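1. Here you go, sequence then predicted model.
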Amino acid sequence: MGDAELDEFRRIYERHVDHVRTGDMKAAIAEMVAANLPTVFDGVDVPREAVDSATIVGIRADGDLRIGETVYRLGDRSIGLRSIWELHDGQWLAARLENFDLPGGGE
């Protein structure tokens, strides 16, 4: 995979994170695999509204998947959220979500 392909995904992921940061959950959900929506949030701590800040801490390729990791800071806590993206009909969509431990315990 070339740098251009990862740069393209980076732009998509940055836009997605900005939707979450500003609380535009409708736009964020539109960038997810529709068939996975019934269960994608099960057991995963995710922001439900606009957050104080969002810091992207990792973007990488893993075979045919793309993975983005962001720390979202809410008023009382922080959430480490990893999204695993798949290519569907030429469009990158978030297919799975999982939390990750924050360095230093999270705050």
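-> Received, thanks.
2. In the sheet, which residues pair with the residue nearest the centre of the chain? Tell me.
-> Taking Cα atoms, centre = their mean, the centroid of the chain lies closest to Ser83, which sits 4.2 Å from it. In this structure, Ser83 bridges to Gly68, Leu97 when assessed by DSSP bridges.
3. where does this protein dip in pLDDT?
-> Along the chain, the model assigns pLDDT under 70 to residues 1-2, 105-107.
4. do that again at 80, thanks
-> Within the chain, the segments meeting pLDDT under 80 span 1-3, 103-107.
5. Which residue ranges of it form strands?
-> All strands of the chain, identified by DSSP state E, fall at 53-62, 65-73, 78-88, 91-99.
6. Show me what the second one packs onto, helices and strands only.
-> Read that as strand 65-73. Helices and strands touching strand 65-73, by 3 or more Cβ pairs under 8 Å, 6 or more residues apart in numbering; DSSP states H and E, are helix 3-22, strand 53-62, strand 78-88. From N, CA and C alone the C-beta is placed, and that goes for glycine too.
7. okay, the angle between that strand and strand 91-99?
-> Using axes from the mean of the first three to the mean of the last three Cα atoms, to 10 degrees, one finds that strand 65-73 and strand 91-99 are set 50 degrees apart in direction.
8. most tightly surrounded among the strands of the chain?
-> strand 65-73 (a mean of 20; mean count of other Cβ atoms under 10 Å).
9. got the CA positions of that one in CSV?
-> Provided in CSV are the C-alpha atoms of strand 65-73 (Å, rounded to 0.1, in the frame of the first residue of the first chain):
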residue,chain,number,x,y,z
LEU,A,65,-8.3,-3.1,6.8
ARG,A,66,-7.6,0.4,8.0
ILE,A,67,-7.5,1.2,11.7
GLY,A,68,-7.9,4.5,13.4
GLU,A,69,-7.4,5.2,17.1
THR,A,70,-8.5,8.4,18.8
VAL,A,71,-8.7,9.6,22.4
TYR,A,72,-11.9,11.5,23.1
ARG,A,73,-11.9,13.8,26.1
